[in-house]
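Q: I'll drop the sequence and a predicted model, then ask my questions.
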Amino acid sequence: EVQLVESGGGLVQPGRSMKLSCAASGFTFNNYDMAWVCQAPKKGLEWVATISYDGSSTYYRDSVKGRFTISRDNAKSTLYLQMDSLRSEDTATYYCARFEGITYYFDYWGQGVMVTVSS
Amino acid sequence: DIQMTQSPASLSASLEEIVTITCKASQGIDDYLSWYQQKPGKSPQLLIYDATSLADGVPSRFSGSRSGTQYSLKISRPQVDDSGIYYCLQSYSTWTFGGGTKLELK
């Protein structure tokens, strides 16, 4: 059974950093591109960042470029999101998700982890 | 960037109706379009991929279609359990979600 389990969220002050993790199991992690998707409270879904199966390619939405870093450790089957210079508008639930298919849709999602940026 | 305009933002439907939700892409996306259902407090679940293909385990009352750059999700004879928020996603150029449609079944 495919499982994606996020951790590392919580309350953080503006300008500080936080690192999210997503532990994957039930599939061959290093065969899949992965992503982070966020959802602000009572708002819609927003793609945040993508990483290729081997970590060689990464992509970010404009609002997080230069502040967030997506990475992975294939030996540990774990995806990461390092978030620096956090802003109040980064407050959201963050989901890790697995890509599938030639058209790169999300076939599995984690349960999400809440990040609150507030003083 | 590709924009996805989803409509309606919300709708209330009866169990006998056919529910249709649409997403219009700001440019051609070559069927790089998927649909997701999200229930309160839960993560999204894949319904449709490649615009028209039904995901594993999804009931056949869900279907997807395209007309030009407008994509539609149809729910035939919806069940009460189909209440939730539905999102489209384009994956042709980076990834953009539609704004969501909140479906209430009465």
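A: All right, it came through fine.
Q: do the helix or strand hosting A:Q82 and chain B meet?
A: If you go by DSSP states H and E, A:Q82 is part of strand A:78-83. No: Strand A:78-83 stays clear of chain B (C-beta under 8 Å from any C-beta of the partner chain), getting no nearer than 14.9 Å. Yep, even glycine has a C-beta here, placed from its N, CA and C like the rest.
Q: just list the residues touching the closest residue to B:A51 other than its chain neighbours, thanks.
A: In space, and not counting its chain neighbours, B:A51 is closest to B:D31: 4.0 Å by C-beta to C-beta, 6 or more residues apart in numbering or on different chains. By C-beta atoms under 8 Å, 6 or more residues apart in numbering or on different chains, B:D31 lies in contact with A:T103, B:D50, B:A51, B:T52, B:R66.
Q: mind listing the strands for chain B?
A: In chain B, strands defined by DSSP state E lie at B:4-7, B:10-13, B:18-25, B:33-38, B:45-49, B:53-54, B:62-67, B:70-76, B:84-90, B:96-97, B:101-105, listed in chain order.
Q: that should have said chain A, apologies.
A: Under DSSP E, chain A gives strands at A:3-7, A:10-12, A:18-25, A:34-39, A:45-51, A:58-60, A:68-73, A:78-83, A:92-100, A:105-109, A:113-117.
Q: partner strands of the second one, parallel or antiparallel?
A: Sheet pairing for strand A:10-12, assigned by DSSP bridges, gives strand A:113-117 (parallel).
Q: residues in contact with the partner strand?
A: Applying C-beta under 8 Å, 6+ apart, the contact partners of strand A:113-117 are A:6-14, A:18, A:20, A:83, A:86-94.
Q: one more time with 6 Å
A: With C-beta atoms under 6 Å, 6 or more residues apart in numbering or on different chains as the contact definition, strand A:113-117 has outside contacts at A:E6, A:G9, A:L11, A:V12, A:P14, A:L86, A:S88, A:D90, A:T91, A:T93, A:Y94.
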